[in-house]
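[1] Fold the following and give me the result.
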Amino acid sequence: NKKTIFNVNYKLIKHLCLQNEIISRRFSRSNSLNSGCLPGQLPKFYYPLGRPYSSHEVETQIRKITAVFDRFPARIVGRKELGAILKIVGLPLYWKEPVFRAVNNSNININNNNNNNINNGNGKKDVISCEAFVDYWKKVISTCYDNASRFVKILTSGQRNYLLPEDFGPMIQDVIDTHPGLAFLKEAEEFHSRYVHTVIARIFYCVNKSWTGRISLPELKKSNFLQVVSLLEEEDDINQITDYFSYEHFYVIYCKFWELDKDHDLFISKADLSRHNDSAISSRMIDRLFSGAVTRGQTRKDGLMSYSEFVWFILSEEDKRHPRSIEYWF
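    Numbers count the residues shown, from 1 in each chain. Just a heads-up that it's a prediction; the model follows:
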């Protein structure tokens, strides 16, 4: 009858509610234990700088770092040996120059005390000690929990949360000096700065989607730049790494610029650019390129285009399907 059905349904509903309450309590207690949250609070799930290390993970990593330093005399390493340390902490080999500089700048007193007799004559140390590296690395991982945020902190010495073109210079120079695919370029020092500026221009062209001249952390994370840097230690033929670092791409771009830059001052005028590709670009388009729509800084005021700006021009001309190319022309 209806009364019996009602009693059965009521008991079933009461039982389900009781079970749901028990499960909720267990879930809340489990989360509070794992995340440090009070019961009833949701655990933190968004970490813009990466998920923090536990104290146990930090201690384990420090022990591994110390064990590697113990292999070297006096527990000090130079730039070449630093790669072994970076491998332990999960950083790519070609971060070694900015890391070396950051450790030295952050721990001048520690390094001076440990390496009083080892410097390059300019007060800069050619080695770093275990104590200095551990001290610096603790500072990094205390606030930066993924490689993207660490990259920004290391290149800027912790002074900014964005990257400027000049931040990349030391790292790219180290690629020239030590990558086997650029051994032939090492002696041609007059081309070093040209290569460095080409790579930097390509980085900002692809990564700096906001056109601000500042690469933000979100822009860096959304790009493939850090993955490409990691590939440098795996590929000896740098021309196989077509993104950013290819020497062949640099050579083609620089030769095109050299043909237009008659006085070779690394700046070209409207008249110079008009000769490009058998004068295929209209005067109206050239006026737009020099108007400030796609250039910035002092060169625009002087009616000139710098070499770095020319790199953007060539990249936009060669691949008109690239998102930055579409923005460049329209």
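[2] got the end-to-end distance for stretch 294-309?
    Start-to-end span of stretch 294-309 (CA to CA, to the nearest Å) is 8 Å.
[3] which outside residues touch the strand or helix carrying Trp137?
    Following DSSP states H and E, the helix or strand that holds Trp137 is helix 130-143. For helix 130-143, the external contacting residues (CB atoms under 8 Å, 6 or more residues apart in numbering) are 49, 53, 58, 61-62, 65-66, 69-70, 75-77, 85, 89, 102-104, 106-107, 110-111, 114, 149-150, 153-154, 158. C-betas here are computed from N, CA, C, even on glycine.
[4] Three-state assignment for the closest residue to Glu327 other than its chain neighbours, please.
    In space, and not counting its chain neighbours, Glu327 is closest to Trp211: 7.5 Å by CB to CB, 6 or more residues apart in numbering. Here Trp211 is recorded as coil under DSSP: H, G, I helix; E, B strand; the rest coil.
[5] List the residue ranges of the protein that fall below the pLDDT cut-off.
    For the chain, the stretches flagged by pLDDT under 70 are 1-17, 19-50, 107-124, 296-301.
[6] Kindly report the domain assignment for it.
    According to the TED database, the chain comprises the domains 51-109+126-159, 161-250, 261-329.
[7] Tell me where the stretch 201-330 of the chain has strands.
    For the stretch 201-330 of the chain, strands defined by DSSP state E, counting those that start in this stretch occupy the ranges 215-216, 267-268, 305-306.
[8] tell me how far stretch 319-330 is from the chain's mean position?
    23 Å (CA atoms, centre = their mean, to the nearest Å).
[9] cool, stretch 212-224 as well?
    So, by CA atoms, centre = their mean, the centroid of stretch 212-224 is 8 Å from its chain's centroid.
[10] again with stretch 150-168
    8 Å.
[11] Ser283 is in contact with Ala271, isn't it?
    No: under the criterion of CB atoms under 8 Å, Ser283 is not in contact with Ala271, lying 10.2 Å apart.
[12] what about the residue nearest to Glu327, how many neighbours?
    Trp211 has 13 neighbouring residues, counting by other CB atoms under 10 Å.
[13] quick thing: my sequence starts at 321, can you match it?
    With the count now opening at 321, the last piece we talked about shows up as Trp531.
[14] Could you pick out which of the contacts of helix 450-463 are located in strands?
    If you go by DSSP state E, the contacts of helix 450-463 have Ile396, Val397 in strands.
[15] Can you say which of the strands of the stretch 521-650 of the chain is packed in most?
    Of those, the one with the most neighbours on average (mean count of other CB atoms under 10 Å) is strand 625-626, at a mean of 23.
[16] so what strands line up beside that strand?
    strand 587-588 (antiparallel) (DSSP bridges).
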